[in-house]
Each structure stands twice: as C-alpha cells, then as structure tokens.
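Asker: This is a predicted model, with the sequence first.
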Amino acid sequence: MRRRTFLGAAGAAAVTLAVSGAALAQEAVKIGLILPMTGPFASTGRQIEAAAKLYMQQQGDTVGGKKIQLIVKDDTGVADVTKRLAQELIVNDKIAVMAGFGLTPLALAPAPLATQAKVPAVVMAAATATITEASPFIVRTSFTLPQATVPMAEWASQNGIKKVVTLVSDYGPGIDAEKAFTGAFTAKGGQVENLRVPLANPDFSPFLQKVADAKPDALFVFVPSGIGAQFMKQFVERGLDKSGVKLIGPGDVTDDDILNGMGDVALGAITTQHYSASHDSPENKAFVEAFKKANPGMRPNFMAVGGYDGMHLIYEGLKKTNGQGGQALIDAMKGMSWTSPRGPVSIDPQTRDIIQNIYVRKVERKDGELYNVEFATIPNVKDPVKAAKAN
Ligand code: PHB
C-alpha cells in the first residue's frame, strides 16, 4: 500500500511537470517585426529581415529559458497598415516587443499603441530625431539624421567648401538633415541654399537644373535608403558629374546595398554615417561574411546593422528580465552598451537613442567593389537635437 502511494505521488508530480513544461513551451516570447517588404522601400525591409534572422541563427532561439518567435509582417510602406499590424500583433499574438519600422511615418503611427499596451518598440531604421519622444516605450538602434549630419557640415567647412545647395526628401528625416547641415555650416560662415523634393516618386531633374545654375562648391543630398540609385542616374543625366560640384551628405545616398550598381559616378562622394560594410574591425568582418553567406548576392547596409543590433538589444534585454516584456524590458535596455559591427555603441538612458561613432567616408573602389571607405572618426556622438534641449 505504502509503496503504491509513493508511486502514485511520483506519477502525479511527473504529470504536473509535463503540464507546466507544455505551458512553458506555449509561453514563447514573440517579437513582431513590421517592415516594408514590398513597395519602393522594400530594400530596407529585406536588409533588416535578413540581419534579424542572421542574429537568431547565430545566437539560437532560446533566451532566458524561453523560446523566441519572430513574426515578420509587411506593412508595404503604408503607415495605416503599420498601425493595424501593430494592433493585431499586440492583441492577437500577445507580442512582448515590436520592432522594425522602415520609415519615419511608419515608426510614428504605432507609437500611441506602444504607450497604451506598454509594449517596447525597437526602431531599427527610421531616423527623424523626434521619434523617440513619441513614446517612452520607443528605443532606437538606427541613428538620427542630425547625428549623422552635423559632422558633414564640419568636414565641409574645414575642406574649402563655401557654398552648398542642400537637396532633401521633403519629410521628417530630410528636414532634420537640412536644418542640421544649414545650422552647423552657416555657423562656420558657409553659405547655403535649400531645395526639397517630394518623397513619393521623386523627379530630381528640375531640382538638379537649379543646382547646375547655382554652381555651388558642393551638393548636399539626403534621400532615404534605396532611392540613391535613382538620384545618381539623374545627377549624371544633368551632367552634374562633370560640373565639378562635389557630392556630400549623410550616407543614405551611397548606401551599401545599391552603391555597387551606381558605377564610377559615385567615386569620390564624401558622406558621414555610422556604418560602412568596409568598416575595419573583426566584428564587422565576421558580420559581413556571415550576412553574405546567408544571403547570396546581398551586401549588408546601415539598415542591416540597425536590425542586427536591434535583435541584440532585445536578446540582452530579455536575458536581464528573464523573458519579461513591458516596462521591465524597456528599462533593461536603457544604458546597455556593446560592440556592434559599426563600432562601440550604447543606448542613451535619457533619450533611448543610440550613441555611436560617426565616420567620414569616401566612395572608393576596393577589390573590384565600390565602398564607403572610412577615413576619420567622430567618437560617441549623441543626437544633437536632444543634447541641445537637455542643456
Ligand atoms: C526615415 O524615414 O526616417 C528614414 C528612412 C530611410 C533612411 C533614413 C531615414 O535612409
């Protein structure tokens, strides 16, 4: 009798264990990755998805004893769709964290949902300075346009450039780039004329004609990642490549995904940014090699590194919280620092923006490919817009 009771109790314990094991397995921590996978900004979606999947392939899909599940959704680059998808992921899938956000309007649309539901949102691409102020649950692993642009103004003023025309896509990040450049460059005595081109289906030629007429020392350009090739084609068609006008700007126009296809016209362009596929570090060499191996025919650009680091931030945050999301997860992410393929980075605990090096680069041919070759470093740059507000 005694013995039987003992076995019975052990059996019951085994059943309890099996049940809680099943419950644990069901409790996968879900990450909702919302990206433009189709439409004009699909290259951003492709780069970030590839990098996020590479990170998971390298680090495994268990964190703090919990299974990680990545759910990728295509918002087609339309903000209303981003918002609807975020809502569905929060309510139906019970995601612990959302991420991605390929353009500024796509990052702003779900911000109120992040706040209401207390779901952290990791912005891996969008780069208008104000985005992190839209919700205390937003954290960013991309960059801000002012962060990348102020060093460009400094380089230009130190290198004999006196007169500049700025040409930017007419929305958040373009306006940020225009303001940051104009403010910093005129403060050093430079002269600037501002032009803005529509974001959707841009025709650069009438603007480029104005540039040709103004004969500046340099043309400063911001177009979002993926659009640079279209711009470069019209730059050549207008004969600006032979006019002696220097091409400068934040690095979005010469992004590593499309730079190779631009040909010699891109040679000599000077840009400032946080990531180049040719960044010389062991971490980056390993990243580029693994990315290319997992995605034949692709080369990682700054969007990819935003996605890769975003996954790192999520994984390390979840390790600290033992898989818990919400306020605990966003708090765990604040102040985190690590060595990224782009160099040393940290999350500013005050602004939830990323603090990182900005590099000055020149397009050169290396081993038969075009690269943004870094030749100067400005270390640990914060978003200057928020830094100015804090002072
Ligand atoms: C943005 O919409 O915030 C954005 C998109 C692409 C870039 C930079 C900024 O390359």
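Answerer: Arrived safely.
Asker: quick one, helices of the protein?
Answerer: With DSSP state H, the ranges of helices along the chain come out as 2-26, 42-59, 79-91, 104-108, 111-117, 145-158, 172-187, 205-214, 228-237, 282-294, 302-321, 326-333, 384-390.
Asker: Same list (those) but as JSON lines, adding distance to the ligand and mean pLDDT.
Answerer: Every residue, glycine included, has its C-beta placed from N, CA and C. What follows is those, written out as JSON lines (distance: least, CB to the nearest ligand atom, whole Å; pLDDT from 0 to 100):
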{"stretch": "helix 2-26", "distance to the ligand": "36", "mean pLDDT": "47"}
{"stretch": "helix 42-59", "distance to the ligand": "6", "mean pLDDT": "98"}
{"stretch": "helix 79-91", "distance to the ligand": "11", "mean pLDDT": "98"}
{"stretch": "helix 104-108", "distance to the ligand": "4", "mean pLDDT": "98"}
{"stretch": "helix 111-117", "distance to the ligand": "13", "mean pLDDT": "98"}
{"stretch": "helix 145-158", "distance to the ligand": "7", "mean pLDDT": "98"}
{"stretch": "helix 172-187", "distance to the ligand": "4", "mean pLDDT": "98"}
{"stretch": "helix 205-214", "distance to the ligand": "19", "mean pLDDT": "95"}
{"stretch": "helix 228-237", "distance to the ligand": "9", "mean pLDDT": "93"}
{"stretch": "helix 282-294", "distance to the ligand": "18", "mean pLDDT": "98"}
{"stretch": "helix 302-321", "distance to the ligand": "7", "mean pLDDT": "98"}
{"stretch": "helix 326-333", "distance to the ligand": "20", "mean pLDDT": "98"}
{"stretch": "helix 384-390", "distance to the ligand": "14", "mean pLDDT": "91"}
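Asker: I'd like the ones you listed as CSV, with mean neighbour count appended.
Answerer: Putting the helices of the chain into CSV (neighbours: other CB atoms under 10 Å) gives the following:
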stretch, mean neighbour count
helix 2-26, 10
helix 42-59, 22
helix 79-91, 18
helix 104-108, 25
helix 111-117, 18
helix 145-158, 24
helix 172-187, 22
helix 205-214, 15
helix 228-237, 19
helix 282-294, 15
helix 302-321, 25
helix 326-333, 19
helix 384-390, 16
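Asker: now these in TSV, with distance to residue 123?
Answerer: Compiled in TSV, the helices of the chain are given as follows (distance: least, CB to CB, whole Å):
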stretch	distance to residue 123
helix 2-26	29
helix 42-59	11
helix 79-91	12
helix 104-108	5
helix 111-117	10
helix 145-158	13
helix 172-187	12
helix 205-214	29
helix 228-237	21
helix 282-294	20
helix 302-321	8
helix 326-333	12
helix 384-390	14
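Asker: Mind checking the ones you listed for the one nearest to residue 264?
Answerer: Between residue 264 and the helices of the chain, the tightest spacing by CB to CB is seen for helix 228-237, at 9.8 Å.
Asker: residue of the stretch 251-391 of the chain with the smallest distance to the ligand?
Answerer: Nearest residue of the stretch 251-391 of the chain to the ligand, counting by CB to the nearest ligand atom: residue 252, 3.7 Å away.
Asker: which ones are touching the closest residue to that residue other than its chain neighbours?
Answerer: Ranked by CB to CB, 6 or more residues apart in numbering and with sequence neighbours excluded, the top spatial neighbour of residue 252 is residue 225, at 5.2 Å. Contacts for residue 225 were tallied using CB atoms under 8 Å, 6 or more residues apart in numbering; they are 41, 43-44, 125, 252, 255, 257, 301-303.
Asker: if we go to 6 Å?
Answerer: In this structure, residue 225 makes contact with 44, 252, 255, 303, judged by CB atoms under 6 Å, 6 or more residues apart in numbering.
Asker: With adjacent residues omitted, what lies nearest to the first one?
Answerer: Right, residue 44. residue 102 (4.3 Å).
Asker: State the phi and psi torsions of that neighbour.
Answerer: The phi/psi pair for residue 102 (degrees, to the nearest 10) reads phi -70, psi -20.
Asker: how close does it sit to the ligand?
Answerer: 7 Å (CB to the nearest ligand atom, to the nearest Å).
Asker: Thanks again, I'm all set now.
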